[in-house]
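> fold the following and give me the result.
(2 chains)
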There are 2 protein chains.
Amino acid sequence: MNSHVEIRLSGSGGQGLLLAGVILAEAAIFDNKNAIQSQSYGPEARGGASKAEVIISDEQIDFPKVISPDLVLALTQIASDKYSKTVNQQGILIVDDSIELDGNYNYGRVIKVPIIKTAAEKVGRSIVANIVAVGLIAELTQMISRENIEKAVLSRVPKGTEDLNRKALMEGYLLAQSVL
Amino acid sequence: MNSHVEIRLSGSGGQGLLLAGVILAEAAIFDNKNAIQSQSYGPEARGGASKAEVIISDEQIDFPKVISPDLVLALTQIASDKYSKTVNQQGILIVDDSIELDGNYNYGRVIKVPIIKTAAEKVGRSIVANIVAVGLIAELTQMISRENIEKAVLSRVPKGTEDLNRKALMEGYLLAQSVL
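Residues are numbered from 1 along each chain as shown, chains lettered A, B, ... in the order given. Below you'll find the model as predicted:
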């Protein structure tokens, strides 16, 4: 991907997308890039869809807001209905396989994979779907080294959950490889 | 304070300022305001000072970056040296009492209080200095109701630490009252 990537992560409130955004941003900085992580709250934040955003760039980031995302992740139907169409036409839309997309719209490249199911069944905890998504995004974009993604994950997840989250990350890589 | 407040929280990496920013933003949204929480990473993030930013407004927030903070918090000397002078002249600078300010500069209103010491000695854990700071800021700015600050704190802190964090919040309120 490009050396300037705008990422929008969407889902529901309890899915840990803020943490996913923070991890991607911190991993990018370990890789000597620049990054901004942000979360906007407003009337739309009360509607059941939550979003977190990250900009990663090799250059200085002048305008800190995601305008035309190169990558949109949607983990719930409500979030997808709201944000899937915001991905730019050269970008990647990643949706959980539980989501139905409006067939009348051209989203560009769509990657539909079982993120939540992978977290629940292969890792054993649906709560780590966010970390599966981090692995998936990192591997698809190839913007950040695996070493630094793992370092960022392990520095941010609760103590005692390191193995669980490392496994979630690996499953995210594998999901990416299944569609590459 | 004004109905549009730009807040910059600074300190060292392990002090939980991102969480403090998220809590302030979420509390504001519970209060039916708009908020943006962000964290920028760049060359400066490698220099030992960490910062998190929040904008809270009654209006829609058009430009999401903090330009001229109305409130700057500094919990470490390094962070203070870097960010204390960025507070605007009508704003409030809050520094931990361990910090020495450059006496040759006019910072506007300065509030120097024992945030870390209060967390360590009155609450019993220096790690909750961020939540003491949240209480202090909420009480000083009066932008967010106590009810919603507490709700936001309790929704974001690890399970089992609710009482500790509630106490930290109360100590933050008391610190604010000591200077009002």
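
> who's in contact with stretch A:76-86?
Outside stretch A:76-86, the residues that touch it by Cβ atoms under 8 Å, 6 or more residues apart in numbering or on different chains are A:8, A:10-12, A:15, A:44, A:47-51, A:68-69, A:72, A:74, A:93, A:95-96, A:98-102, A:105, A:107. For every residue, glycine as well, the C-beta is placed using N, CA and C.

> got a quick PyMOL command for the buried subset of these?
Buried members of the contacts of stretch A:76-86, defined by 16 or more other Cβ atoms under 10 Å in any protein chain shown, are picked up in PyMOL with:
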select buried, chain A and resi 8+10+11+15+49+50+51+69+72+74+93+95+96+99+101+107
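
> compute the distance between A:Lys51 and chain B, please.
To chain B, A:Lys51 is 12 Å away according to Cβ to the nearest Cβ, to the nearest Å.

> same deal with A:Leu180?
Distance, A:Leu180 to chain B, using Cβ to the nearest Cβ: 28 Å.

> got the buried residues for stretch A:29-37?
Using 16+ other Cβ under 10 Å as the test for burial, stretch A:29-37 gives A:29-31, A:33-37.

> so does the helix or strand bottoming out on mean pLDDT in chain A get close to chain B?
Using mean pLDDT, DSSP states H and E, strand A:34-41 stands out as the lowest-scoring helix or strand of chain A, at a mean of 90. Yes. Using Cβ under 8 Å from any Cβ of the partner chain, strand A:34-41 comes into contact with chain B via A:34-41.

> for the longest helix seen in chain A, name the packing helices and strands.
Under DSSP state H, the helix in chain A containing the largest number of residues is helix A:162-179. When contacts are defined as 3 or more Cβ pairs under 8 Å, 6 or more residues apart in numbering or on different chains; DSSP states H and E, helix A:162-179 sits against strand A:109-113, helix A:129-141, helix A:146-156.

> and the gap between the residue of chain A most remote from its centre and chain B?
The C-alpha centroid of chain A is most remote from A:Asn104, which lies 24.6 Å away (Cα atoms, centre = their mean). Between A:Asn104 and chain B the distance is 30 Å, computed by Cβ to the nearest Cβ.

> checking my notes, that residue in a strand, right?
No. Using DSSP: H, G, I helix; E, B strand; the rest coil, the assignment for A:Asn104 is coil, not a strand.

> what about A:Gly124, how many residues nearby?
Other residues near A:Gly124 number 12, with proximity taken as other Cβ atoms under 10 Å in any protein chain shown.

> so for A:Gly14, what's the pLDDT?
On pLDDT, A:Gly14 comes in at 85.

> wasn't it part of a strand?
No. Counting by three-state DSSP, A:Gly14 is not found in a strand; it is helix.

> and it, how many residues sit next to it?
Other residues lying near A:Gly14 total 10 when counted by other Cβ under 10 Å.

> so who does it touch?
By Cβ under 8 Å, 6+ apart, the contact list for A:Gly14 is empty.

> any idea how far it is from A:Arg8?
18 Å (Cβ to Cβ, to the nearest Å).

> same thing with A:Gln37?
12 Å.

> need the overlap of contacts for those two.
A:52-53.

> ok, now which ones touch A:Arg156?
With contact set as Cβ under 8 Å, 6+ apart, A:Arg156 has these partners: A:19, A:22-23, A:26.

> of the residues you listed - the most surrounded one?
Within the contacts of A:Arg156, neighbour counts (other Cβ under 10 Å) peak at A:Ile23, which reaches 30 neighbours.

> my guess is that residue meets A:Gly135, correct?
No. A:Ile23 is beyond contact range of A:Gly135, at 10.1 Å (criterion: Cβ atoms under 8 Å).

> shared neighbours, these two?
Common contacts of A:Ile23 and A:Gly135 (Cβ under 8 Å, 6+ apart): A:Ile149.

> tell me the pLDDT of the closest residue to A:Leu136 other than its chain neighbours.
With Cβ to Cβ, 6 or more residues apart in numbering or on different chains as the criterion, A:Leu136 has its nearest non-adjacent residue at 4.2 Å, and that residue is A:Gly172. A:Gly172 is assigned 98 on the pLDDT scale.

> A:Gly172 reaches A:Thr141, doesn't it?
No. The criterion here is Cβ under 8 Å, and A:Gly172 misses it with A:Thr141 at 12.0 Å.

> could you check which of these two has the larger neighbour count?
It is A:Gly172, of A:Gly172 and A:Thr141, that has more neighbours when counted by other Cβ under 10 Å, with 30 against 18.

> list the contacts for A:Lys151?
Listed by Cβ under 8 Å, 6+ apart, the contact set of A:Lys151 reads A:27, A:30.

> return the distance of it relative to A:Gly135.
A:Lys151 is 13 Å from A:Gly135, by Cβ to Cβ.

> do the same with A:Gln177
Using Cβ to Cβ, A:Gln177 is found at 10 Å from A:Gly135.

> between the two, which is the more surrounded one?
A:Gly135 (27 against 11).

> next up, the contacts around that one.
Contact analysis of A:Gly135 by Cβ under 8 Å, 6+ apart lists A:149, A:168-173, A:175-176.

> out of everything not next to it in sequence, what's closest to it?
With sequence-adjacent residues excluded and distances taken as Cβ to Cβ, 6+ apart, A:Gly135 is closest to A:Gly172, at 2.1 Å.
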